[in-house]
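Visitor: Attaching a predicted model along with its sequence, questions to come.
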Amino acid sequence: MSVTNLTNGTDLLEQYFSDKSLDGVKKIVRLILNSWPCYQFAIKNQLGGSQTAIKDNWFSDVLSEHIFKHSDLYTYELSEWIEEILYNEFDTISEDNTLDSTADLLIKMSNWLLGRGKTSVEEAKTKFRGNVEKLLAMNSKKVRIFGTKFGPHKKIE
């Protein structure tokens with residue numbers, strides 16, 4: 001999904017939320033990952049190495065399954081789980097303060113889809129729009145270098 005298509009994503013949320021199954025969760029997870037600036041930066045810059053595309057698909061699937069199977073996830077638990085995968089598989093450290101909000105969004109929207117939470121349609125759309133706006137801003141801002149476990153890395157400002 002391109003950035004241009006993401007701007008129309010909130011109009012399609014009802015379509016995504018019509019499939020109340022693991023496949024529905026997979027659609028929501030992919031939509032959110034495609035709107036997450038930190039993650040898109042890692043994918044765009046091949047920070048998972050030559051296997052980045054394969055890791056991207058794997059991560060989306062395993063994240064979807066994790067959320068689907070665990071109805072009692074807390075934001076901090078999912079954040080830590082995602083953080084470990086980002087670090088180990090994509091050599092990425094999220095320093096843009098979006099990890100917790102993205103984990104929270106994943107939980108709330110998946111719970112809404114599966115009927116296990118109290119997230120309203122408007123709250124889900126508002127959070128998603130915020131992620132889209134950050135992604136669009138990321139594409140238009142300059143990038144600076146910062147250190148990671150493997151040396152120089154880029155950071156969005």
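Guide: Thanks, I have it. Numbering: from 1, shown residues only.

Visitor: what are the ranges of the strands in this structure?
Guide: 143-148, 151-156 (DSSP state E).

Visitor: Check the average confidence over the first one, would you?
Guide: Right, the one you point to is strand 143-148. Averaging pLDDT along strand 143-148 gives 40.

Visitor: before we move on, what about stretch 85-95?
Guide: Here the average pLDDT along stretch 85-95 is 93.

Visitor: And the pLDDT at Ile156?
Guide: pLDDT at Ile156 comes out at 44.

Visitor: Likewise for Phe128?
Guide: On the pLDDT scale, Phe128 is placed at 69.

Visitor: what's the answer for Thr98, then?
Guide: Here, the pLDDT recorded for Thr98 equals 87.

Visitor: Give me the neighbour count for it.
Guide: 21 (other Cβ atoms under 10 Å). (Each C-beta comes from the backbone N, C-alpha and C, glycine too.)

Visitor: got it, and Asp56?
Guide: 19.

Visitor: could you measure it against Val62, distance?
Guide: According to Cβ to Cβ, to the nearest Å, Asp56 and Val62 sit 11 Å apart.

Visitor: Report the contact partners of Arg116.
Guide: Ser71 (Cβ atoms under 8 Å, 6 or more residues apart in numbering).

Visitor: What's the separation between it and Glu80?
Guide: 21 Å.
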